[in-house]
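> Next come a sequence and a model predicted from it.
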Amino acid sequence: AQSVTQLDSHVSVSEGTPVLLRCNYSSSYSPSLFWYVQHPNKGLQLLLKYTSAATLVKGINGFEAEFKKSETSFHLTKPSAHMSDAAEYFCVVSDYSSASKIIFGSGTRLSIRP
Amino acid sequence: GEEVAQTPKHLVRGEGQKAKLYCAPIKGHSYVFWYQQVLKNEFKFLISFQNENVFDETGMPKERFSAKCLPNSPCSLEIQATKLEDSAVYFCASSPPLLLEQYFGPGTRLTVT
């Protein structure tokens, strides 16, 4: 069975400082992992994906994530936060070996302080 | 198209009325998924299609919910006799044939009064 845990429900950083959003997963098979962002009253936008290629994945808007199998983690980082990064971030896991549905984490709300 | 399109953006129904939501997947994508976001951070999988065939319907409430993806038509999700607890944002997503990432539409906000 798959599951994903986002360790922080809310993260607040100052503009220009680094961002770290933590995600741990559990999967019986080799997983695919994704980060999505949801701005208020908007849909979900794919930030980046890991699908068993390079373990360091670069995404849009300066975000990147590193797949660490030994730690079962897929943390999202950005070197310098921007006000426009304030949103809800979801870590998602799928193995597609059993069913096509993906499993969402509970989300992390990122706030940016001026 | 290049984006998943969902209509309408907002839908208000009185309890007991029917609601029908539409989704046009990205051109060339073989898979369509429906999710329900009830609370802000909870996404519930409802159903998926591979072309016009049901792929996985393990999340669908059996009694009042139905969905279709017919050739040359938008996919649809229909709720018969809506209940207050059906109030949610319903997201559609589509995926290319290799079933990698899912691309989400902007959602339809259903309010049942």
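That came in fine, so what should we check first?

> mind listing what residue 33 touches?
You didn't say which chain, so I picked chain A. Residues in contact with A:Leu33 (CB atoms under 8 Å, 6 or more residues apart in numbering or on different chains) are A:Cys23, A:Tyr25, A:Lys49, A:Tyr50, A:Ala65, A:Phe67, A:Phe74, A:Cys91, A:Val92, A:Val93, A:Ser94. Yep, even glycine has a C-beta here, placed from its N, CA and C like the rest.

> Chain B, not that one
A:100-102, B:45-49, B:92-95, B:102.

> where along chain B do the strands fall?
For chain B, the strands defined by DSSP state E cover B:5-7, B:10-13, B:19-24, B:31-37, B:43-50, B:53-56, B:65-68, B:75-79, B:88-95, B:103-104, B:108-112.

> how about JSON lines for those strands, with mean pLDDT and distance to A:Pro31 added?
Converted to JSON lines, these look like this (pLDDT from 0 to 100; distance: least, CB to CB, whole Å):
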{"stretch": "strand B:5-7", "mean pLDDT": "96", "distance to A:Pro31": "28"}
{"stretch": "strand B:10-13", "mean pLDDT": "97", "distance to A:Pro31": "35"}
{"stretch": "strand B:19-24", "mean pLDDT": "98", "distance to A:Pro31": "26"}
{"stretch": "strand B:31-37", "mean pLDDT": "94", "distance to A:Pro31": "18"}
{"stretch": "strand B:43-50", "mean pLDDT": "91", "distance to A:Pro31": "16"}
{"stretch": "strand B:53-56", "mean pLDDT": "91", "distance to A:Pro31": "17"}
{"stretch": "strand B:65-68", "mean pLDDT": "96", "distance to A:Pro31": "27"}
{"stretch": "strand B:75-79", "mean pLDDT": "97", "distance to A:Pro31": "27"}
{"stretch": "strand B:88-95", "mean pLDDT": "94", "distance to A:Pro31": "16"}
{"stretch": "strand B:103-104", "mean pLDDT": "92", "distance to A:Pro31": "19"}
{"stretch": "strand B:108-112", "mean pLDDT": "96", "distance to A:Pro31": "29"}
